[in-house]
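1. Return a 3D structure for these sequence lines:
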Amino acid sequence: MNIFIKYLLKSTFSKKGRSLLLIVTITISAALLIGSLGAVVAGSNATKEQAKRSSGDYNAVITAKTTNETPFFYKNKIVKDGFDNFVAGISATGYLSNDDNVNIVIQGVASEDYNKLPNMKILKEDKLNPLVGDKIIISEKISKAYNYQLGDTIKVNVREKNKSFKIAAIAQTNGNFSTDLKNQFTVVTNEKNVCNIWGVNGISNTMLVKLKNNIDSKKFIKSYNEKNSESLATLTFDKDKASADEEQVTSLFYFMLLLVTFMSSFIIYSCFKLIVIERMPVVGTFLSQGETRGGIIRLLLGESLVYGIISGILSLFLGGGLLYLLADILNNYKQYGVTTKADYNIGYFIVGFIFAIGMSLISALIPVLDIRRVQIKDIILNRINVSYKKSYKLSVFGIILALITIMINSINSSISVNLSPIIFLLFFIGAIISLPGITKTLSYYLMKVFENFNILFKLALNNIRTSKVLLTNIRLIVIGMVSVMVILSLSSSFTKVLLGVTKGYNFDIEVTQGTDPDSAKIKSVIYKNSNINKEVVETYSVGDGSVKGSNGTIPIVGINPRTFKDFNNYYAISNKDQFYKELDKKDRNTAITDKQAKVLNKSKGDSIVLKINNKEVEYKITGIFNAKFSENLILINKENMIKDFGITIPYDYSFQTNGNVNEVEKSLKKELKGTSAKVLTFAGKLKETSDDVKMLITTLLFFSLMTVIIGTFGIINNIGVSFIQSKKDLAVLSSVGMTNIGNGMMILIESMFTAIFAIGFGGIISYFAVAISNNLAKSIGLSIPMEYDFKALLMVSIGICIIMGLSSCSAVFKSTKLSVIKELKCE
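-> Have a look, this model is predicted:
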C-alpha cells in the first residue's frame, strides 16, 4: 500500500500539463462560486452605505404629492406624531454664472437647523453660526475640485438672476453633499434665500424624518399617505426593493456559474478517464501483488481529493480577488466616493473549499468506478482495449434523449419551466454523448471523399475517428462553445430587451419636467419652438396611484389617445385602433396590463376604482394589453386625469423635430437652463439605457471570459496529450517516407477538422441550449426572452479556429524533432 501511495503522489504531478489543467479548472470554478456568493452582498452594501451617507439616521422623507401643481408643501401643517427628529428644507436649481455646464442645487434650511442635516460635519468654518445672509456651506470635495477657500464668493445663476454667496464653512462630503461631482454639486444656505428665489414663505419641498424607535416605518408610511393629500412619505432606503434587485443579480450569477460548472465537470471527468486508462498497467502490477480493487478505487479517488484540496486552497486566494473585482463592478457609487468593500465572509470561503473538493471527487467518480467493470486478469495481463463498439449505440441513445428534451421544452406549460434544470441537464448529456458516434460516422464518409484526393486528409480524419483524445477535444470545445454562447446570448438578449423598451417609442426628443415650479415656462419653450412638430405627446403620470382593493401602488398615466397611438409602438395590443378609440371617448374608460388583470382577476367590461391622492373614481376596463418588459401601469384619458384627479401638469413631453435633432436639443437645453427639466434625444435615451445595463453585461462577459480560459487550457492540454499518444504512429509514417512537413500538415489538418466538427456541432447544440435556457432562466426568476446571438457565433467560431491553430503549432514543432529510432527501438 505504501508503495502505491508513493507512486500516486509522484504520478499526480508527473503530468504537469494535465495537473495544471485540473487545478486551474477546479480553482476557477470554486473561485467563481466564492465571488458570486459575496459580490452581490457587497454591491448591496454599497447601496446601503450610499443611502446611509445621504440620509444618516433619517428613515423617512416627506415630499410634495406628484398631484400638486408645485413641488412644495406647508411644513407647519405636517402632523409630527411619531417623529423623534426632523429637518425641513427647500431647494432651487441653478448653475455657475461663469460656467453654465456646472449645475448647482441650492439647499435652504432654517438658520439653526443646518447641524440637523444628515451627517453634517463641519471641517472648517468662518463665522458660520448663525447661517444667515449670503453664507453657504460647501463640501470638501468641491473645495478641492475648484480650490475654493473660506471667504470665497460663488456666483450662481438661478431663475435667470445672478446670486452671490460667500463660503462660510466646508463640510465632509456626506449627507446633502454625498452626490457631489465636479459638474453638479449642492450648497447649503439659509432657507430665506431660497424662499426669496421662489417668492414664497413657510413652505418646503423635503422633510427628512427620524421616527421614534417604537414606530414601524412601513406602517407609518402607509398611515401617513392615507391621511395626507398634499404630501407623500417614502422610505429613505427601501430594503424590500433592494432585496428584490439583489435576488435578480444573484440569480444571474448562479445561472452563469451553473454553465461554468457543467464545463469544468466534463474537463475533470475527461482527465480522470485518461488517468485511469494510463494507470491500468501499473494498477495490474499492484493487483498481482495482492492489492484489492476497492483499495485502488479509494486511492484513485484520493488522487482526485489531492487535486480538490490544492484547488480549494488556491480558490481561497483567487476567490477573494474575484469577490473584490465583482463587488467593484457592482458598486454604482464609486464616483460619489463610496469605496468598494468586499464582504469576506468566512462562510463563502468554506463553501468554496468544500465545492472544490466535492466537484473534483464527483467528476472523477464515474471513470474511477469504471475499474469495477474490467476483469482483474485483464488488468493484470494489460489486455485493456479502449473499445468504441458501444459508442454508436450510446450516440443513438444520446440523440434520442436530446430530441425528447427538445420536444418537452417546446411544450408551453409550467411543467416545462419547473423541469427546465433537469431538461437542460439531460439535453446537455444527450448531446455530448452523441458526439463521438456522429463524429466517427462523418469522419468515415469524409475519408472516402478524400481517399483519392490527398492521403494526409485521410490519415488526419482516421486519427480523429480513432483517437479518444481528439474526440474528447471536440466534446470539450463544444461544451465550452455552448457555455459561452448561452452566456453571450443572455447578455445580448438582456440588452435587447431593455433597449427595446426605448426603441418601441416614436420620438426624437423627450423633455421630462416632473413637478417643476417652472412648468409653464417649460411648456411655453417647447410649443413656441418652430423646429418642433406640433403633435407633442404629453403624459400625465402619477407614480403612486393604486387600485382599490389591491396592495401596493401602480403608475396611472393620462394620455391623449390620438397622439399616444403613433408614439407607443412597444405595447402588444390586439386591436390598436379599437383600443385607443375606447380610451378617446369621454366616458371613464381605462386600459390595464395583462399582468395587472391577472392580479386583480378582472376582464374587459369589468370596473375598477382608481385611487390618486385619496380621490377614488370608478373606471370601466375597455382594454387589456401586454406591456412586455416595461413597468406595469394603467392608462386613462388625460382629460379624465385632469377632471377627476386634478393632475394638470404633464410629467413629460415627447415629440418629433423638423430640423436637426442635435441643434434642437442644444437650443432647448439653453432655454431651459436653470429649470429641473431634462432634455434627452432618442439616441441619448438609448445610451442612457445601455449605461444602466453596462454593469450587468460586464459581469456576464466576465463569466464568459472564465469559461474561455478553462476551455483553452483543456484544448491545449488535449492536443499535447494527443501528440504524445500519436508519436509512435508519426514515427512509423516517417520510417516509410513521410516527411516532417507531411507530419506537420497532417497535425494541422487534424486541428482544422476538429475545429470544423466542433463549430458545427457546437452551433447546433448551443442553438437548442439557448432555447431550453429560456425556461431555465424563468425557473430562477429571469423572464428574459433569450434569442440566439448569431454575431457572437461568428466571433466564437473565429476564436476557436485561432486557438486550435496556435495550440497545434507546438505539436507541429515537436513533430520535426521526433526521433524515429527512439520511438521504434523496442518494436
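2. what's the closest non-adjacent residue to Y333?
-> Leaving aside its sequence neighbours, Y333 sits nearest to Q50 (CB to CB, 6 or more residues apart in numbering; 4.4 Å). To be clear about C-beta, it is placed using only N, CA and C from the backbone, and glycine gets the same treatment.
3. Pull the contacting residues for the one you found.
-> S178, Y333, Y336, V338 (CB atoms under 8 Å, 6 or more residues apart in numbering).
4. Who wins on neighbours among the residues you listed?
-> The most crowded member of the contacts of Q50, judged by other CB atoms under 10 Å, is S178 (25 neighbours).
5. pretty sure that one is touching R53, no?
-> Yes. With contact defined as CB atoms under 8 Å, S178 reaches R53; the gap is 4.4 Å.
6. what's the overlap in contacts for those two?
-> Common neighbours of S178 and R53 (CB under 8 Å, 6+ apart) are N119, Y336, G337.
7. okay, the last one: pLDDT?
-> Yep, that's G337 we're talking about. Note on G337: pLDDT of 79.
8. Quick one: residues contacting it.
-> R53, K141, T173, S178.
9. ok, those vs S264, which is closest?
-> R53 (40.1 Å; CB to CB).
10. E535: neighbouring residues, count only.
-> E535 has 13 nearby residues by other CB under 10 Å.
11. i'd like the first residue to be 47 from this point on
-> Right, with 47 as the first residue, what we last looked at is E581.
12. For it, give me the pLDDT.
-> 86.
13. Ok, A373 next?
-> The model's pLDDT for A373 equals 82.
14. then the strand ranked longest in the chain to CSV, C-alphas only?
-> Looking across the chain with DSSP state E, the single longest strand is strand 129-142. What follows is strand 129-142, C-alpha atoms only, in CSV (Å, rounded to 0.1, in the frame of the first residue of the first chain):
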residue,chain,number,x,y,z
PHE,A,129,-41.3,62.0,14.9
ASP,A,130,-38.2,61.7,17.0
ASN,A,131,-36.4,64.4,14.9
PHE,A,132,-36.9,66.1,11.6
VAL,A,133,-35.4,68.8,9.3
ALA,A,134,-37.3,70.6,6.6
GLY,A,135,-35.7,72.2,3.6
ILE,A,136,-36.4,74.0,0.3
SER,A,137,-34.2,73.9,-2.8
ALA,A,138,-33.7,75.6,-6.1
THR,A,139,-31.7,74.6,-9.1
GLY,A,140,-29.2,76.9,-10.9
TYR,A,141,-25.8,76.9,-12.5
LEU,A,142,-22.4,78.6,-12.1
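15. could you say what helices and strands it packs with?
-> In terms of contacts (3 or more CB pairs under 8 Å, 6 or more residues apart in numbering; DSSP states H and E), strand 129-142 is packed against strand 145-155, strand 199-204, helix 237-244, strand 249-250, strand 252-257.
16. Tell me which strands it pairs with, and in which orientation.
-> Strand 129-142 pairs in its sheet with strand 145-155 (antiparallel), strand 199-204 (antiparallel), strand 252-257 (antiparallel), by DSSP bridges.
17. mind checking which of those is nearest Q230?
-> Here strand 145-155 is closest among these (CB to CB), at 4.4 Å.
18. State the mean pLDDT of stretch 127-146.
-> Summarised as a single mean, pLDDT over stretch 127-146 is 90.
19. roughly how far out does it sit from the chain middle?
-> 35 Å (CA atoms, centre = their mean, to the nearest Å).
20. neighbouring contacts of stretch 141-151?
-> 137-140, 200-204, 208, 228-233, 719-720.
21. so what's the residue lying closest to A637 once chain neighbours are set aside up against?
-> Spatial nearest neighbour of A637, chain neighbours left out: G669 (3.5 Å); criterion: CB to CB, 6+ apart. Residues near G669 by CB under 8 Å, 6+ apart: I619, F625, E628, L629, N635, T636, A637, I638, K650, L681.
22. Now which of these would you call buried?
-> By neighbour count, with 16 or more other CB atoms under 10 Å, the contacts of G669 hold I619, F625, E628, L629, N635, T636, A637, I638, L681 as buried.
23. Does the first one touch E628 like I think?
-> In this case it means I619. No. Using CB under 8 Å, I619 is not in contact with E628; the gap is 11.3 Å.
24. hang on, the earlier thing: can you flag the buried ones in the contacts of stretch 141-151?
-> Listed as buried from these are 137-140, 200, 202-204, 231-233, 719-720; burial here means 16+ other CB under 10 Å.
25. can you list the residues you listed in JSON lines and add distance to T280?
-> Listed next are the buried ones among the contacts of stretch 141-151 as JSON lines, based on distance: CB to CB, whole Å:
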{"residue": "S137", "distance to T280": "17"}
{"residue": "A138", "distance to T280": "22"}
{"residue": "T139", "distance to T280": "21"}
{"residue": "G140", "distance to T280": "26"}
{"residue": "I200", "distance to T280": "31"}
{"residue": "V202", "distance to T280": "29"}
{"residue": "N203", "distance to T280": "31"}
{"residue": "V204", "distance to T280": "27"}
{"residue": "F231", "distance to T280": "24"}
{"residue": "T232", "distance to T280": "20"}
{"residue": "V233", "distance to T280": "25"}
{"residue": "K719", "distance to T280": "29"}
{"residue": "G720", "distance to T280": "27"}
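26. quick one: which of these is nearest G348?
-> F231 (63.1 Å).
27. how about that closest one, phi and psi?
-> phi -150, psi 170 (degrees, to the nearest 10).
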